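**Student:** quick one: sequence plus predicted model below, questions after.
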Amino acid sequence: MITTSKRLEGIGEYYFSQKLREIEGLNQQGKQIINLGIGSPDLPPHPDVIRTLQEESAKPNVHAYQSYKGSPVLRKAVADWYAQWYGVTLNPDTEILPLIGSKEGIMHICMTYLDAGDMALIPNPGYPTYSSAVKLAGGTTVPYELTEANDWYPDFEALSKQVTALNAAGKGTVKLMWVNYPQMPTGKLPDANLFTKLVAFGKAHNILICHDNPYSFILNDSPMSLLSIEGAKDIALELNSLSKSQNMAGWRVGTLSGSKERIEEVLRFKSNMDSGMFLPLQLAAAKALGLPKSWYEEVNATYRKRRVKVFELLSLLDCVFDQNQAGMFVWAKIPAGYKDGFALSDEVLYNANVFITPGGIFGNAGDPYVRVSLCSSEEKLAESIQRVQHFLSTAKVSQ
């Protein structure tokens, strides 16, 4: 009998992979589900970006294997982008590593630094891939809870005591900490004080701080990088992505930034996993990173209009939410009377044919919440509101 590897034990299929199959089955029954779950931008990239890909792809000399370190053109574009928007100076030759999507970077980091018994701090609620990547690399996850009462920031005092106790137990070492601000799924924005504390925490406990930063331009006028903090490169790596802000999710282009030493360490693993990225894709990505401020303003104007509709939808469901969230989702607390966000999500899916994400998929601290994506047109959001209104009015009559 052929069996799977032990590394897959405890690793389930990604929630959205499962749920999309269920939604597909419902659609085949004629349900026409409106999916407000996944944060995949429905808008296209800038026309100049598409044109660059088309023109470069037509050239006869661009189809060979590429450098494992990425094109110098893309690395310089990343460095210029960081300097312009984050005020961070990066050496494009040594401190930047292009990625085939930042999701692969999460795996690369875990495989580079974690051995069996090593531990990684994982935000709860947080992006499920952090936990999966740690486990696949052979490490052990240590969730740290983020709470609304603490503004969705880590409790550094409690965390320091926990790390000290874990290291003293002699069963392994806490080596990584995954963080993500603007935070997903809560939409909480960072400030300089938070980032300063993260760098100090990493240095105090010799923990590599891994900051995942794909949402800093979405509904946020003041993008921040952890690497803007003095001394951050000594103890931190930062992932970034063109999936969200440049509407290029399917293009799979991300970046990893940090010190020369860290980049070289990750490259030792990555260079054994792929053979570089298609050059025209990299050149188009460089074009995207050079887009003017007006591009981000236009994208955010669309999301602001949609967010008004999402607020209306969530208010219909008696959910409570912060109107100052960043990112392409709205995080909301469910009303009393529901066991958890899964219950509310299923009720809306099966009775109104609208899918919203249960907060519990991001960790048990998310159980009392749901998340709604802004990646649907105003027309679809308006239709969702009508469907929910109809369901609620019918339910009230039947009572």
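**Tutor:** That came through fine. Not measured: the values here are computed from a predicted model.
**Student:** run through the stretch 251-399 of the chain and note the low-pLDDT ranges.
**Tutor:** 396-399 (pLDDT under 70).
**Student:** for the protein, what spans make up the strands?
**Tutor:** All strands of the chain, identified by DSSP state E, fall at 34-35, 96-99, 119-124, 140-145, 174-179, 208-212, 236-241, 254-257, 320-321, 329-333, 354-355, 357-358, 369-373.
**Student:** Throw those strands into CSV and include distance to Arg306 and mean neighbour count, thanks.
**Tutor:** In short, each C-beta sits where N, CA and C put it, glycine included. Formatted as CSV, the strands of the chain follow (distance: least, Cβ to Cβ, whole Å; neighbours: other Cβ atoms under 10 Å):
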stretch, distance to Arg306, mean neighbour count
strand 34-35, 13, 20
strand 96-99, 28, 24
strand 119-124, 26, 24
strand 140-145, 30, 18
strand 174-179, 27, 25
strand 208-212, 24, 24
strand 236-241, 20, 26
strand 254-257, 25, 26
strand 320-321, 14, 15
strand 329-333, 10, 25
strand 354-355, 15, 25
strand 357-358, 16, 26
strand 369-373, 9, 27
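**Student:** nearest to Asp346, of these?
**Tutor:** Checking those against Asp346 by Cβ to Cβ gives strand 357-358 as the closest, at 8.1 Å.
**Student:** quick revisit: of the strands of the chain, which is nearest Asn300?
**Tutor:** That would be, of the strands of the chain and by Cβ to Cβ, strand 329-333, which comes in at 14.1 Å.
**Student:** what would the strands of the chain look like in JSON lines with distance to Asp155?
**Tutor:** Output for these, formatted as JSON lines (distance: least, Cβ to Cβ, whole Å):
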{"stretch": "strand 34-35", "distance to Asp155": "35"}
{"stretch": "strand 96-99", "distance to Asp155": "31"}
{"stretch": "strand 119-124", "distance to Asp155": "12"}
{"stretch": "strand 140-145", "distance to Asp155": "8"}
{"stretch": "strand 174-179", "distance to Asp155": "13"}
{"stretch": "strand 208-212", "distance to Asp155": "16"}
{"stretch": "strand 236-241", "distance to Asp155": "20"}
{"stretch": "strand 254-257", "distance to Asp155": "27"}
{"stretch": "strand 320-321", "distance to Asp155": "23"}
{"stretch": "strand 329-333", "distance to Asp155": "19"}
{"stretch": "strand 354-355", "distance to Asp155": "33"}
{"stretch": "strand 357-358", "distance to Asp155": "25"}
{"stretch": "strand 369-373", "distance to Asp155": "19"}
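**Student:** among those, which comes closest to Pro41?
**Tutor:** The nearest among these, by Cβ to Cβ, is strand 369-373 at 9.7 Å.
**Student:** picking that back up, just so I know, which of the strands of the chain lies nearest Ser271?
**Tutor:** strand 96-99 (10.0 Å).
**Student:** and the contacts of the closest one?
**Tutor:** Outside of strand 96-99, the residues within contact range by Cβ atoms under 8 Å, 6 or more residues apart in numbering are 69-71, 74-75, 78-79, 90, 105, 108, 239, 253-257, 263, 266-267, 270, 277, 282, 285.
**Student:** keep only those of those that are in helices.
**Tutor:** Among the contacts of strand 96-99, the members falling in helices (DSSP state H) are Leu74, Arg75, Val78, Ala79, Gly105, His108, Ile263, Val266, Leu267, Lys270, Gln282, Ala285.
**Student:** for Tyr65, see how far away the last one is.
**Tutor:** Plainly put, Ala285 is 18 Å away from Tyr65 if you go by Cβ to Cβ, to the nearest Å.
**Student:** more crowded one of those two?
**Tutor:** Ala285 (30 against 10; other Cβ atoms under 10 Å).
**Student:** what's the nearest residue to that one if we skip its chain neighbours?
**Tutor:** Leaving aside its chain neighbours, Ala285 sits nearest to Val253 (4.5 Å; criterion: Cβ to Cβ, 6 or more residues apart in numbering).
**Student:** what about the longest helix in the chain?
**Tutor:** The chain, longest helix under DSSP H: helix 293-316.
**Student:** for Thr164, see how far away Asp346 is.
**Tutor:** 42 Å.
**Student:** then Phe329?
**Tutor:** 35 Å.
**Student:** what about stretch 120-137, average pLDDT?
**Tutor:** Here stretch 120-137 scores 95 as its mean pLDDT.
**Student:** then stretch 210-218?
**Tutor:** Stretch 210-218 comes out at a mean pLDDT of 96.
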